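**Q** give me a model of this one.
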Amino acid sequence: MEKTSMAHNLLLVSNSTLYGSGYLDHCESQIRDVLEKRETVLFVPYARPSGMTWDEYTNLAHKRFEKMGFRLQGIQEWTDPKTAVESSEAIFIGGGNTFVLLKSLYDSEIMDQIKEKVNAGTPYIGTSAGSNVAGITIKTTNDMPIVYPPSFDAMGLVPFDINPHYIDPDLHSTHKGETRETRIKEFHAAVDEEGKPINLYPVVGLREGAMLHVVGDKLHLKGSTAARIFRRKEEPREHQPGESLDFLLSNTV
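**A** This is a model prediction of the structure:
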């Protein structure tokens, strides 16, 4: 696979709500930084968290962005989603079910258009599933595959995959199911029919409260928690808020 193109200005957040705070409260300052000098935001509510409707989800986001001083409009309010993307000053894709989100993006035929807009400088904000679809694939999502998208390939705005809501193993738990780390190791162990590895690129495990901010060829970890980065046949590495993760953008996969 070829190296992905560099997106200009992205904020990829693990979660929309942090324990003890309200919707988007923990990332408000970062959202303001990304949306500097923009007035309007196009919201893509396709992920439908908890099964809410697009309009219900848009109403939630609209109230929060209005509080921050921005005008937000749902993509479903436009007659043509392609026109909505083309006219957008900034794009926000919210969390929910990643499979539902990706299928809807394919069905709307706007994935390539969003990628072109973002790589031309339009700010992009993603939370949870919205962060997943910014990666190369959605293979490292935690969600149930309740619908079947045409492909697991996502927009490739960044040259790695993301695991939002990353959880560390609880050494005191009696639960014997697989940990997130185990699942990501399985991802890197996958091979094709000829026995060749198919998932060569890194996976960023974003804990609750962590987020990635990309500006051109610069990438910084922000938020209140560390991130865990996984590479094939390497031990995972911890990175703290404030650290530069520029090396992730130079990956060829």
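
**Q** so where's this structure shaky on pLDDT?
**A** Segments of the chain classed as low confidence (criterion: pLDDT under 70) are 1-7, 251-253.

**Q** where along it do the helices fall?
**A** Counting by DSSP state H, the chain has helices at residues 28-34, 54-68, 81-87, 98-108, 111-119, 129-132, 180-189.

**Q** show me the contacts for the closest residue to Gln240 other than its chain neighbours.
**A** When the adjacent residues along the chain are set aside, Gln240 lies closest to Ala226, with 5.1 Å between them (C-beta to C-beta, 6 or more residues apart in numbering). (C-beta placed from N, C-alpha, C; glycine too.) Taking C-beta atoms under 8 Å, 6 or more residues apart in numbering as the criterion, Ala226 is in contact with Arg207, Ala210, Glu238, His239, Gln240, Pro241.

**Q** how much space between the first one and His26?
**A** The spacing between Arg207 and His26, counted by C-beta to C-beta, to the nearest Å, is 12 Å.

**Q** follow-up on the earlier one: among the contacts of Ala226, which one sits closest to Asp107?
**A** Closest approach to Asp107 among these (C-beta to C-beta): Ala210, at 30.5 Å.

**Q** nearest residue to the spatially most central residue of the chain in space, please, no chain neighbours.
**A** Central residue of the chain (C-alpha atoms, centre = their mean): Ser131, 0.4 Å from the mean position. For Ser131, the nearest residue in space outside its immediate sequence neighbours is Leu12; the separation is 4.0 Å by C-beta to C-beta, 6+ apart.

**Q** from Ser87, how far out is the one you found?
**A** If you measure Leu12 against Ser87 using C-beta to C-beta, the figure is 23 Å.

**Q** neighbour-wise, which of those two wins?
**A** When Leu12 is set against Ser87 and neighbours are counted by other C-beta atoms under 10 Å, the residue ahead is Leu12, at 29 against 13.

**Q** contact partners for that one?
**A** Gly126, Gly130, Ser131, Ala134, Val158, Ile162, Leu206, Met211, Leu212, His213, Val214.

**Q** ok, Thr83 to His213 distance?
**A** The gap separating Thr83 from His213 is 29 Å, by C-beta to C-beta.

**Q** looking at these two, which is more packed in?
**A** Set side by side, Thr83 and His213 show more neighbours around His213, with 20 against 12, by other C-beta under 10 Å.

**Q** which strand residues bridge the more buried one?
**A** Here His213 shows beta-bridge partners Leu11, His220, assigned using DSSP bridges.

**Q** can you pull out the strands in the stretch 101-250 of the chain?
**A** 124-127, 161-163, 203-206, 210-215, 218-223, 227-230, 237-239 (DSSP state E, counting those that start in this stretch).

**Q** need those in TSV with distance to Lys67, can you?
**A** Below are the strands of the stretch 101-250 of the chain laid out as TSV (distance: least, C-beta to C-beta, whole Å):
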stretch	distance to Lys67
strand 124-127	15
strand 161-163	27
strand 203-206	25
strand 210-215	19
strand 218-223	20
strand 227-230	28
strand 237-239	31
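
**Q** quick revisit: only whichever of the contacts of Ala226 are buried, select them in PyMOL.
**A** Here the buried members of the contacts of Ala226 are turned into a PyMOL selection, burial being counted by 16 or more other C-beta atoms under 10 Å:
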select buried, resi 207+210+239
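
**Q** if we can go back for a sec, buried deepest among the helices of the chain, which one?
**A** Each of the helices of the chain was given a mean neighbour count from mean count of other C-beta atoms under 10 Å, and the largest, a mean of 29, is that of helix 129-132.

**Q** now it: how far from the chain's centre is it?
**A** Averaged C-alpha coordinates place helix 129-132 at 3 Å from its chain's average position (C-alpha atoms, centre = their mean, to the nearest Å).

**Q** list the helices and strands that helix packs on?
**A** Counting by 3 or more C-beta pairs under 8 Å, 6 or more residues apart in numbering; DSSP states H and E, the packing neighbours recorded for helix 129-132 are strand 9-13, strand 91-93, helix 98-108, strand 161-163.

**Q** I appreciate the help and will end here.
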